[in-house]
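Student: I'd like to go over a predicted model; first the sequence, then the structure.
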Amino acid sequence: MAFLELLDQVGGMGRFQVLQAIALVVPIMLLTTQNMLENFLAAVPSHRCWAPLLDNTSAQASLPGALSPQALLAVSIPPGPNQQPHRCRRFRQPQWQLLDPNATAASWSQAATEPCVDGWVYDRSTFTSTIVTKWDLVCDSQTLKPMAQSIYLAGVLVGAAVFGHASDRWLPESARWLLAMGKLDRGLRVLQRVATINGKKAVREALTMDVLLSAMQGEPSTGQAPASLGTLLCTPGLRLRTWILVLCWFSFAFTFYGLALDLQALGGNIFLLQALIGAVDLPAKLVALLLLSRLGRRLPQAGSLVLSGLCILANTVVPYDMGAVRSALAVLGLGATGAAFTCINIFTGELFPTVVRMTAVGFCQVAARGGAILGPLVRLLGIHSPSLPLLVYGGTSVLSGLVALLLPETRSLPLPDTIQDMQNQAVKKAAHGTAEPSVLKSTRL
């Protein structure tokens, strides 16, 4: 009996697999929810400088006549770049000449202004309180918001490293991996446990070490030493696909967290935008699964990354006042990013042999966490140009999508257990590609 037959007997898809999936999905959902809360906990409401004539009742009482709030605003706060009240400057002295109906920009262009030395007044009609209003993360301190998000994501990386080891206590390792590492006793106990949970009591009682050894006779990977990171980076064939996948994982997280944690920057209603992204995400992942089964792995992986990048780049040329178009492009781009995540999770596991698979996946996920940490920091470039962060996000996604075309196709291929298995697959594929023309030639004769 082969090892694959043994896996089918203990239960290829049963109660154990369902419970394991739930155990993984629940914490992922909680983490994702916490991440997306940043759009509301760190929202930046409209704001202006605190001004005595506007916000000090005693100063208003000293005025000789009654003036409307609009008039007091006009003489206290200069216009900003969009002709709305400036968010970060105020007049040092009230500019009463601006109350003249014939006043022009020349009437105040020479007037002295100053920063918001007395603080800010925030519009609390939508958000009564955020970390921005609590700590005044605006104007000269606006860079602290993406830095705080980056620090939070760095904490996620540290937590994954620390609690990843702790999770081994309750989340069993792959039986195939344990057997490949020569840990036969632990592999046998995992298989027995799976059979018990799946209700295969007869299989559980019949599953002994002799049966396991008999099933593993045709498994060439049994007893191999665990592969190191150096194996990934130095072995021909593994090195190229490792660096390509590192770029793809980095690009996904870099783009997603850079955009998804600051939906306000994309324009439009962030509540509606958040709901649309949530509504599109699941269908996008289902479409990705369908394409993976029909088109293979490489094209959906590359196509989803390129589509995401093109949608982001398109928003650099769409006027800011076209909120519906910008929102549609943002939703489509983030949906494509979610599809890319589905593709890369499946593709990565199929590209590496069992003996090095977990090392490769761990290395790629560290690259993704690094991209997530850097993603919010790129928004600091918006100080120089609002389009610059989008150009960086979109360009990175398109580049990684094009590079992904260099990866080999893995659809319908068995999972390799050893590095030699992987190399044999490449040789067979090359031989099949070179042999095909000769077969076609012989059929013409």
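Tutor: Structure's in. What do you need? Numbers count the residues shown, from 1 in each chain.
Student: Which pLDDT value belongs to the nearest residue to residue 201 once chain neighbours are set aside?
Tutor: Among residues not flanking residue 201 along the chain, residue 195 sits closest, at 7.5 Å (C-beta to C-beta, 6 or more residues apart in numbering). Placement of C-beta: from N, CA and C, glycine included. Per-residue pLDDT puts residue 195 at 85.
Student: Give me the contact list for the host helix or strand of residue 195.
Tutor: In the assignment (DSSP states H and E), residue 195 maps to helix 184-197. If you take C-beta atoms under 8 Å, 6 or more residues apart in numbering as the criterion, helix 184-197 is touched by 6, 9-11, 14-16, 19, 172-173, 175-176, 178-179, 201, 203-204, 207-209, 212-213, 216.
Student: among the residues you listed, which ones are buried?
Tutor: Neighbour counting by 16 or more other C-beta atoms under 10 Å classes 6, 9-11, 16, 172, 175-176, 178-179, 203-204, 207, 212, 216 among those as buried.
Student: Pick the one among those closest to residue 400.
Tutor: Distance to residue 400 across these (C-beta to C-beta) is lowest for residue 176, with 29.9 Å.
Student: Does the closest one touch residue 354 like I think?
Tutor: Yes. In this structure residue 176 lies within contact range of residue 354 using C-beta atoms under 8 Å: 5.8 Å.
Student: So for these two, which residues contact both of them?
Tutor: residue 417.
Student: quick revisit: show me which pair in the buried ones among the contacts of helix 184-197 is furthest apart.
Tutor: Maximum pairwise distance among these (C-beta to C-beta): 20.8 Å, between 16 and 216.
Student: Strands of the stretch 101-250 of the chain, start to end?
Tutor: Using DSSP state E, counting those that start in this stretch, the strands of the stretch 101-250 of the chain run over 113-115, 120-122.
Student: out of these, deepest packed?
Tutor: When you average the neighbours per residue for each of the strands of the stretch 101-250 of the chain (mean count of other C-beta atoms under 10 Å), strand 120-122 leads with a mean of 17.
Student: Show me the contact partners of it.
Tutor: Here strand 120-122 makes contact (C-beta under 8 Å, 6+ apart) with 45, 46, 47, 48, 49, 50, 54, 55, 133, 136, 138, 139.
Student: What residues does the third one make contact with?
Tutor: With contacts defined as C-beta under 8 Å, 6+ apart, residue 47 is in contact with 87, 120, 121, 122, 123, 133, 138.
Student: Residue 217: what's it in contact with?
Tutor: For residue 217, counting by C-beta under 8 Å, 6+ apart, there are no contacting residues.
Student: Can you give me the pLDDT of it?
Tutor: We have a pLDDT of 72 for residue 217.
Student: What of residue 46?
Tutor: 91.
Student: Repeat that for residue 350.
Tutor: On pLDDT, residue 350 comes in at 90.
Student: name the helices or strands packed onto the host helix or strand of it?
Tutor: Per DSSP H and E, residue 350 falls inside helix 323-351. Applying 3 or more C-beta pairs under 8 Å, 6 or more residues apart in numbering; DSSP states H and E, one finds that helix 323-351 makes contact with helix 238-260, helix 270-295, helix 298-314, helix 354-378.
Student: try 10 Å
Tutor: In terms of contacts (3 or more C-beta pairs under 10 Å, 6 or more residues apart in numbering; DSSP states H and E), helix 323-351 is packed against helix 238-260, helix 270-295, helix 298-314, helix 354-378, helix 388-403.
Student: what's the angle from it to helix 298-314?
Tutor: Helix 323-351 runs at 150 degrees relative to helix 298-314, counting by axes from the mean of the first three to the mean of the last three C-alpha atoms, to 10 degrees.
Student: one step back: could you point out which of the helices and strands packed on helix 323-351 sits nearest residue 73?
Tutor: Of all the helices and strands packed on helix 323-351, it is helix 270-295 that lies closest to residue 73, at 25.8 Å by C-beta to C-beta.
Student: how near is residue 418 to residue 354?
Tutor: The gap separating residue 418 from residue 354 is 7 Å, by C-beta to C-beta, to the nearest Å.
Student: I misspoke; the intended subject was residue 111.
Tutor: Distance of residue 111 to residue 354, given as C-beta to C-beta: 72 Å.
Student: how about residue 48, secondary structure?
Tutor: Here residue 48 is strand, with the state taken from DSSP: H, G, I helix; E, B strand; the rest coil.
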